[in-house]
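Enquirer: here are the coordinates; sequence isn't available:
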């Protein structure tokens, strides 16, 4: 399979997942509110139409591969454009969710944000809690609702009510929640203004307009690096997933007034992970993330180049709804800015938080547990099962032997039993471990098989795919909440006999 | 030295957990959780409480999808985040689940029981369904009822139940393979799926057939009425 084919297949699978989530969201809303049944039926019909289109595109990709036409620029451009149109359809349909009062924000999402915010607020001056609401447009963002409301009413008493927005259909999808932490970081004004990059931009001899743009970019980069610092490559994965998905409608290769070039954001995140010089021993998720980066880099060039041609050819571009950028004034040397980002990359995250970084040591074990459909809110302390079993058997035999003696030594029996108990104790996992294992699992066991078998991506398999996606969601949400409870338990329980 | 006993003792349970044949996770505090012949289980985060509705009753002969909606309208899910509490008032009934995910091997059966600490306060953790088949996996559902005189604050994570295990010879029909196993592999409490029982499917089929027969009879009579000039009474 060529890279071009892979990218097109990947986009189809991403869109299929979103379509399934959209349909499930509407169905769940209709179950909760009977009055929505007619609206739900309309949505269902449109979602089915979108699904049918997707089927045709998927078949088109398979046919083009079989005939070798996929290598031709016009064919691949045509296929990419078809996907882009479907994505636009999805985007527009998602906007219409404003008609629907959705069933829920997963309560575990609040636990997730709470767990992260509490940890962060314990170390730096940052909000301990934020509100989360769902949005109809398919974007994540952070808004100070107080300021927004006072701008509506013309009052001047704006306080701080940081509120994070998440697309309705992803409110129950924990693998995209890392993006919320990026949005949360937008509230860290003091630290953003303390980054060396911010000071660098402040000192540039450029127009105010250019400086404002660069400062907003600095803020975005801070938020990226902050989220990745806390959550590891799970953030990178969530970001790239979102960026690739929105690429067909959002001009992936274009800077905007608010966001730097997506490809550069990803490059910076990889640089921060130390992937460039392979200092960090990454496991599956990181390897997969690296593959994802290649995907991102390739898709961006593919889509951008082809898009230019489409626009010239049929004069029917798919305009982004996001505010497009005016060109950065020529006075700004973007390479200079980018080099400065990479040079100061270790100094973005506030100093008190720099100590803890994501470690990938347990990732394989956790992913294996997911494969076995076991929640990963905790993880056994003893990992080498064979060794533990031998120890256990020895301890148990020692107890039996002691019990057979005329006067069994109670303290010896108790000590052996404690050894056995300690061996099965579990430690709560961290949220980053859970999410990274989740991404690793999703790539390997859900996306890869679908991408490989795209020609058979018929609607008959949708129910099965939905089950697998939602099962993963369920396990991850359960794990996040259990892990949070476990951490509180370990932290605050009375310490009679600390676990070895 | 191999031990042969019907009920697993603490060392048997630990050994089973270590070799992975029995899964109970998380086990955060084995020293307190594991007793002589049982392991304590904690309360999970979700509760299903029953509403007063305009439905007269749950009619199992209705269409299953409609019945499912009715059952959903009959219950409300309440989620308590860690460190929040759920209050179970005297006489109230609610469904909940274990915090722990449990998977039994094919040669162990389990039994869920309350802890006396809570029993003394009037809390019952299951009404009638405490037995767990070999091969079951998922969280276990509690059927909570407060038989006491005062409201009980229930915090997710507290140990309210215990489970003991019975060694059996290896079954060839574990829960997952049992026809009609409805509650397998769940991660939150599950309301009743009684309408999925084949007995009710049979009842629905029968009623469907009966209705069809009645319609047919009506139609036949109707035809006769129209076609029989004597009965019709009109000119022919």
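Expert: Arrived safely, thanks for sending. Computed from a prediction, not measured in an experiment: that's the story for all the values here.
Enquirer: need the contact list for residue 163.
Expert: In the absence of a named chain, chain A is used. A:130, A:131, A:132, A:133, A:142, A:143, A:144, A:145 (Cβ atoms under 8 Å, 6 or more residues apart in numbering or on different chains). No exception for glycine: its C-beta is placed from N, CA and C like everyone else's.
Enquirer: the intended chain is chain B.
Expert: By Cβ under 8 Å, 6+ apart, the contact list for residue B:163 reads B:24, B:38, B:39, B:41, B:102, B:110, B:111, B:112, B:113, B:132, B:140.
Enquirer: give me the phi and psi angles of the residue of the stretch 251-400 of chain A found nearest chain B.
Expert: For the stretch 251-400 of chain A and chain B, the shortest gap (Cβ to the nearest Cβ) falls at residue A:378, measuring 3.4 Å. For residue A:378, the backbone dihedrals are phi -150, psi 170 (criterion: degrees, to the nearest 10).
Enquirer: gap between it and residue A:8?
Expert: For residue A:378, the distance to residue A:8 equals 40 Å [Cβ to Cβ, to the nearest Å].
Enquirer: more neighbours: these two, which one.
Expert: residue A:8 (27 against 24; other Cβ atoms under 10 Å in any protein chain shown).
Enquirer: can you pull out the low-pLDDT segments for the chain?
Expert: Going with chain A. A:1-3, A:32-35, A:102-104, A:157-158, A:247-255, A:263, A:274-330, A:358-361, A:382-385, A:495-500 (pLDDT under 70).
Enquirer: you answered for a different chain; I wanted chain B.
Expert: Ranges of chain B meeting pLDDT under 70: B:1-5, B:180-181, B:223-236.
Enquirer: picking up where we left off before, mind putting the contacts of residue B:163 into a markdown table with secondary structure?
Expert: What follows is the contacts of residue B:163, written out as a markdown table (DSSP: H, G, I helix; E, B strand; the rest coil):
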| residue | secondary structure |
| --- | --- |
| B:24 | strand |
| B:38 | coil |
| B:39 | strand |
| B:41 | strand |
| B:102 | strand |
| B:110 | strand |
| B:111 | strand |
| B:112 | strand |
| B:113 | strand |
| B:132 | strand |
| B:140 | coil |
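Enquirer: what's the most distant pair in these?
Expert: By the measure Cβ to Cβ, B:24 and B:113 form the most distant pair in the contacts of residue B:163, at 15.0 Å.
Enquirer: which one of these two is surrounded by more residues?
Expert: Shown here are residue B:24 and residue B:113; by other Cβ under 10 Å, residue B:24 has more neighbours (22 against 15).
Enquirer: so what's the residue of chain B found nearest chain A closest to, chain neighbours aside?
Expert: In chain B, the residue that lies nearest chain A is residue B:26 (3.4 Å; Cβ to the nearest Cβ). Spatial nearest neighbour of residue B:26, chain neighbours left out: residue A:378 (3.4 Å); criterion: Cβ to Cβ, 6 or more residues apart in numbering or on different chains.
Enquirer: residue A:331 and residue A:210 touch, don't they?
Expert: Yes: if you go by Cβ atoms under 8 Å, residue A:331 and residue A:210 touch, sitting 6.6 Å apart.
Enquirer: neighbour count winner among the two?
Expert: Comparing residue A:331 with residue A:210 by neighbour count (other Cβ under 10 Å), the higher total belongs to residue A:210, at 16 against 10.
Enquirer: part of a helix, is that one?
Expert: Yes: counting by three-state DSSP, residue A:210 is located in a helix.
Enquirer: measure the residue in chain A sticking out farthest from the centre to residue A:51 for me?
Expert: Most distant residue from the mean C-alpha position of chain A: residue A:406, 62.0 Å away (Cα atoms, centre = their mean). With the distance defined as Cβ to Cβ, residue A:406 ends up 76 Å from residue A:51.
Enquirer: can you show me the helices along chain B?
Expert: For chain B, the helices defined by DSSP state H occupy B:10-19, B:30-33, B:64-74, B:116-119, B:198-227, B:229-232.
Enquirer: I'd like those helices as JSON lines, with mean neighbour count and distance to chain A appended.
Expert: Output for the helices of chain B, formatted as JSON lines (neighbours: other Cβ atoms under 10 Å in any protein chain shown; distance: least, Cβ to the nearest Cβ, whole Å):
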{"stretch": "helix B:10-19", "mean neighbour count": "22", "distance to chain A": "5"}
{"stretch": "helix B:30-33", "mean neighbour count": "18", "distance to chain A": "4"}
{"stretch": "helix B:64-74", "mean neighbour count": "15", "distance to chain A": "6"}
{"stretch": "helix B:116-119", "mean neighbour count": "14", "distance to chain A": "16"}
{"stretch": "helix B:198-227", "mean neighbour count": "11", "distance to chain A": "20"}
{"stretch": "helix B:229-232", "mean neighbour count": "10", "distance to chain A": "43"}
